[in-house]
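Engineer: please work out how this folds:
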Amino acid sequence: MSHTTLTPSPSQLDKTAFVAAYGEIYEHSPWIAELTWDKGLSTDHDSPDGLAQAMSEVLSSAPAERQLAVIRAHPDLAGKAAIAGDLTDDSTREQAGAGLDQCTPEEMARFERLNDAYKAKFDFPFVMAVKGNDRHDILRAFETRLENDPAEERRTAVEQINHIARFRLEARA
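Structural biologist: The predicted structure is shown next:
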């Protein structure tokens, strides 16, 4: 358990303030923050680890349709939104941190082909917590995960989204 404290402290916030502060931890999915608050917050949730655990339980226990909506809220890695500058600030930082803004034309073409193949197979974008990975690691993961079946890949995407949320909370501490 992390000993750092989030500011503002989640347990001290009313629902509106909590959702305003933490509603975008999950890409365009403030309902996760709303349900996390509804379940009750204590001082155990004032650390990145504590809040990440509570929020990840909400997404992991959500019906498949809600999980798919969260997965679909994520942008393609090195995709058109990134090129156009249409990512959230968090996504922009995360993709740049993995060097996705430095892809060669050949790598961009490979990302585009893999994004298209992945979406054709799973009907949602490839999601990966890219922190600590580079574009080569991401391309390898893309190819490996294309072999998964849809249910396994939905679970993997949810796990990755929960990792992304933890990283985002840690960055706020």
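Engineer: mind checking pLDDT for residue 21?
Structural biologist: In the predicted model, residue 21 carries a pLDDT score of 97.
Engineer: next: residue 81.
Structural biologist: In the prediction, the pLDDT value recorded for residue 81 is 54.
Engineer: and if you look at residue 2?
Structural biologist: What the model reports for residue 2 is a pLDDT of 46.
Engineer: just checking, which helix or strand of the chain averages the lowest pLDDT?
Structural biologist: Of all helical and strand segments in the chain, the minimum by mean pLDDT, DSSP states H and E falls on helix 80-84, at a mean of 59.
Engineer: hey, where'd the helices end up in the chain?
Structural biologist: Secondary structure of the chain by DSSP state H: the helices cover 15-22, 31-39, 48-60, 64-72, 80-84, 89-97, 105-122, 135-145, 150-172.
Engineer: nearest to residue 5, out of the ones you listed?
Structural biologist: helix 48-60 (8.7 Å; Cβ to Cβ). C-beta coordinates here come from the backbone N, C-alpha and C atoms, glycine included.
Engineer: ok, now how distant is residue 115 from residue 38?
Structural biologist: Per Cβ to Cβ, to the nearest Å, residue 115 is found 35 Å from residue 38.
Engineer: neighbour-wise, which of those two wins?
Structural biologist: Summary of the neighbour comparison: residue 115 and residue 38, criterion other Cβ atoms under 10 Å, with residue 115 having more neighbours (19 against 10).
Engineer: how much space between the closest residue to that one other than its chain neighbours and residue 105?
Structural biologist: Nearest non-adjacent residue to residue 115, counting by Cβ to Cβ, 6 or more residues apart in numbering: residue 76, 4.6 Å away. Taking Cβ to Cβ as the measure, residue 76 and residue 105 are separated by 17 Å.
Engineer: more crowded one of the two?
Structural biologist: The neighbour count for residue 76 versus residue 105, taken as other Cβ under 10 Å, is higher for residue 76 (21 against 7).
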